[in-house]
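[1] Generate coordinates for the sequence data below:
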Amino acid sequence: MIEGLVEKIELRFGELEASLGDPAIIGDRAAFEAASRAYSDLEEPARLARRWRRAVGDELGAKELLADGDDPEIREMEAAARIEREVLEEAIRLAMVETDPNDKRDVIVEIRAGAGGDEASIWAGDLHRMLVRYAERSGFQTEELGGGEGSATFAIKGHGAYSVFKFEGGTHRVQRVPATESQGRIHTSTATVAVLPEAEEVDVSIDQSDLQIDVYRSSGPGGQSVNTTDSAVRITHKPTGVVVSMQDEKSQLQNREKAMRVLRARLHERAMEEQRAILDADRSAQVGKGERAEKIRTYNFPERRVKDHRVGLLLHDLDSVLDGELDEFTAALQNDEKRRRLEEQAANT
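    The predicted structure is shown next:
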């Protein structure tokens, strides 16, 4: 079985390598970009396949030598080659697991304060900074779409953004002494993060007659008007009741465009949830209700540690995590997802 998979990887990688040197492909921008992405996606499996071939050769060579007479050193070589081959077989299977079709998309991230009052709003701001820093460290671009006290909406752009940031969706719990706490007591607060694959217009069909678009003047702290024109936009999708408001830009057109992007992403996510039939239509399965008992990750300030409850990973480097160093969590969660998908594929076959 693994031999067939390796042959499939080698054949496809060779085809892609040849296509990238084909003048016809080079002259077609869309085809060249598609081939380049496919080649990049297959580079790691192809590297593992080459290592597997060498390990198989080393194991067979050692076995042939042992057939002529037992030798402790050769026996160790054979055992080492066998172990490497088995490890590589698992790695190849994981590398070739079917991926989420949304993995290559850009994402829209929505952060909302949960339980905890003012401290929850402060925590939502901390999470916003952490995720923006992580995006920057990872080579993605970010675009602020809107926000207010205790909330933020922003886009993360770049190939594979969803494959990285989808694991941040859920309730993030913090345990710390708030700046306003005079007696030094530790408080527990939460903020919810929703990570939505950004939808293109072709992904979501929106009938303009289904939209109610209201314009109004932007408001700042205390409700005072910060704009003398009706530039803020509120779009209501009447069939689903989804409402998106934008007021960050001075231009009504810009606010409308941003609101439509967020609306498309929410409707796309809603459709995906209905198809999967395991998530609630209002996205509550991803973010929950923001209660203290709900959490995907806990950030403990007194002990300077962060624990991801989905994979049990505990890191004692809180400052680095809050500064956007989330690679260890992402790698562990990606591996966990691949193993679960591999198990599902095995069960289905």
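
[2] can you point me to the longest helix in the protein?
    helix 29-67 (DSSP state H).

[3] residues of whichever helix or strand comes after that one that come out buried?
    Going down the chain from helix 29-67, the next helix or strand is helix 72-95, by DSSP states H and E. By 16 or more other CB atoms under 10 Å, the buried positions in helix 72-95 come out as 74, 77-78, 81-82, 84-85, 88-89, 91-95. Heads up, the C-betas are built off the backbone N, CA and C, glycines and all.

[4] Off-centre distance for the longest helix of the chain?
    Once both centres are worked out by CA atoms, centre = their mean, to the nearest Å, helix 29-67 turns out to sit 27 Å from its chain's centre.

[5] Which neighbouring elements make contact with it?
    Packing contacts for helix 29-67, counted by 3 or more CB pairs under 8 Å, 6 or more residues apart in numbering; DSSP states H and E, involve helix 2-19, helix 23-26, helix 72-95.

[6] Now do the end-to-end distance for stretch 241-258.
    From its first residue to its last, stretch 241-258 covers 18 Å (CA to CA, to the nearest Å).

[7] got the buried residues for that stretch?
    Buried, per 16+ other CB under 10 Å, within stretch 241-258: Val242, Val244, Ser245, Met246, Gln247, Asp248, Glu249, Gln252, Asn255, Arg256, Lys258.

[8] What mean pLDDT does that stretch get?
    Stretch 241-258 shows a mean pLDDT of 86.

[9] mind listing the helices for the protein?
    2-19, 23-26, 29-67, 72-95, 118-137, 161-165, 252-276, 284-287, 318-322, 327-348.

[10] Return the most buried member of these.
    helix 161-165 (a mean of 23; mean count of other CB atoms under 10 Å).

[11] residues making contact with that one?
    99-100, 102-107, 109, 131, 134-135, 138, 140, 156, 195, 197, 330, 334 (CB atoms under 8 Å, 6 or more residues apart in numbering).

[12] now those residues: which count as buried?
    102-107, 109, 131, 134-135, 138, 140, 156, 195, 197, 330, 334.

[13] could I get the buried residues of helix 72-95 as CSV with distance to Phe167?
    Below are the buried residues of helix 72-95 laid out as CSV (distance: CB to CB, whole Å):
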residue, distance to Phe167
Ile74, 45
Met77, 40
Glu78, 40
Ala81, 35
Arg82, 34
Glu84, 30
Arg85, 31
Leu88, 26
Glu89, 26
Ala91, 20
Ile92, 23
Arg93, 21
Leu94, 16
Ala95, 18
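
[14] Please produce JSON lines containing the residues you listed, extended by distance to Glu44 and pLDDT.
    Formatted as JSON lines, the buried residues of helix 72-95 follow (distance: CB to CB, whole Å; pLDDT from 0 to 100):
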{"residue": "Ile74", "distance to Glu44": "32", "pLDDT": "90"}
{"residue": "Met77", "distance to Glu44": "27", "pLDDT": "93"}
{"residue": "Glu78", "distance to Glu44": "27", "pLDDT": "93"}
{"residue": "Ala81", "distance to Glu44": "21", "pLDDT": "94"}
{"residue": "Arg82", "distance to Glu44": "23", "pLDDT": "94"}
{"residue": "Glu84", "distance to Glu44": "17", "pLDDT": "94"}
{"residue": "Arg85", "distance to Glu44": "18", "pLDDT": "93"}
{"residue": "Leu88", "distance to Glu44": "12", "pLDDT": "93"}
{"residue": "Glu89", "distance to Glu44": "15", "pLDDT": "91"}
{"residue": "Ala91", "distance to Glu44": "9", "pLDDT": "87"}
{"residue": "Ile92", "distance to Glu44": "10", "pLDDT": "89"}
{"residue": "Arg93", "distance to Glu44": "13", "pLDDT": "86"}
{"residue": "Leu94", "distance to Glu44": "10", "pLDDT": "82"}
{"residue": "Ala95", "distance to Glu44": "6", "pLDDT": "83"}
